[in-house]
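K.L.:
no FASTA, just this:
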């Protein structure tokens, strides 16, 4: 099975950089997802990492180290609208991509 | 184009009643997932449909829960004899065959069992 661990809550200042960590244990690695979920809304896809290294997408970047079972989401130039829950998820092996989600990290961005 | 839609957006029901929740995936998406999210909890996988294959029901919490997907498109999640612990937001997501890893979520149905 899969096990995901990420911090429950983080706070940061507008304009700053924040790194949200995620560690995972899985019996068969099939990539790692990050989703963003604003309060009362559905999750939206941010990134999918299957190879080691950093993938940059605008202000958001996602890093993966398969040997360490570790990923992080890096948010630069924080904006108030980035206040949301960030969900780390690891899909099952095979083609179904049924993900096990972490409980999410609630990021609060203050002025 | 249209995203994933779900209905109703809110449902209040009495304990013991049956409820049906509907999901319309993005047109052409072959994969469809149901999840539920309780207050302060992570997303819990319920069931997965892929094309015409038999669904993966491994996440259904009890035999009171069932789901269908007709014609490879619309899906209905049915909860029989609802219990208070069934209160949650039920989310549906779909993905394409070309990018199965990228799921598009609907707005969810908030179910309250009184």
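P.N.:
Happy to help now that I have it. What you see is a predicted model; the values in this text were computed from it and never measured.
K.L.:
contacts and neighbour counts: CA atoms only from here.
P.N.:
Noted.
K.L.:
how many residues are close by the closest residue to residue B:81 other than its chain neighbours?
P.N.:
Spatial nearest neighbour of residue B:81, chain neighbours left out: residue B:16 (3.9 Å); criterion: CA to CA, 6 or more residues apart in numbering or on different chains. As a burial measure, residue B:16 scores 14 neighbours (other CA atoms under 10 Å in any protein chain shown).
K.L.:
distance of residue B:16 relative to residue B:79?
P.N.:
According to CA to CA, to the nearest Å, residue B:16 stands 10 Å off from residue B:79.
K.L.:
for residue A:100, same thing?
P.N.:
Following CA to CA, the distance that separates residue A:100 from residue B:79 is 22 Å.
K.L.:
residue of chain B with the smallest distance to chain A?
P.N.:
Closest approach of chain B to chain A (CA to the nearest CA) occurs at residue B:42, with a separation of 4.1 Å.
K.L.:
residues near the closest residue to that residue other than its chain neighbours, how many?
P.N.:
Here the nearest residue to residue B:42 in space, its sequence neighbours aside, is residue A:103; by CA to CA, 6+ apart that works out to 4.1 Å. Burial of residue A:103 is recorded as 22 neighbouring residues (other CA under 10 Å).
K.L.:
surely residue A:103 and residue A:6 touch.
P.N.:
Yes: in this structure, residue A:103 is within contact of residue A:6 by CA atoms under 8 Å, at 7.4 Å.
K.L.:
residue ranges in chain A under the pLDDT threshold?
P.N.:
Under the criterion pLDDT under 70, the flagged ranges of chain A are A:1, A:94-96.
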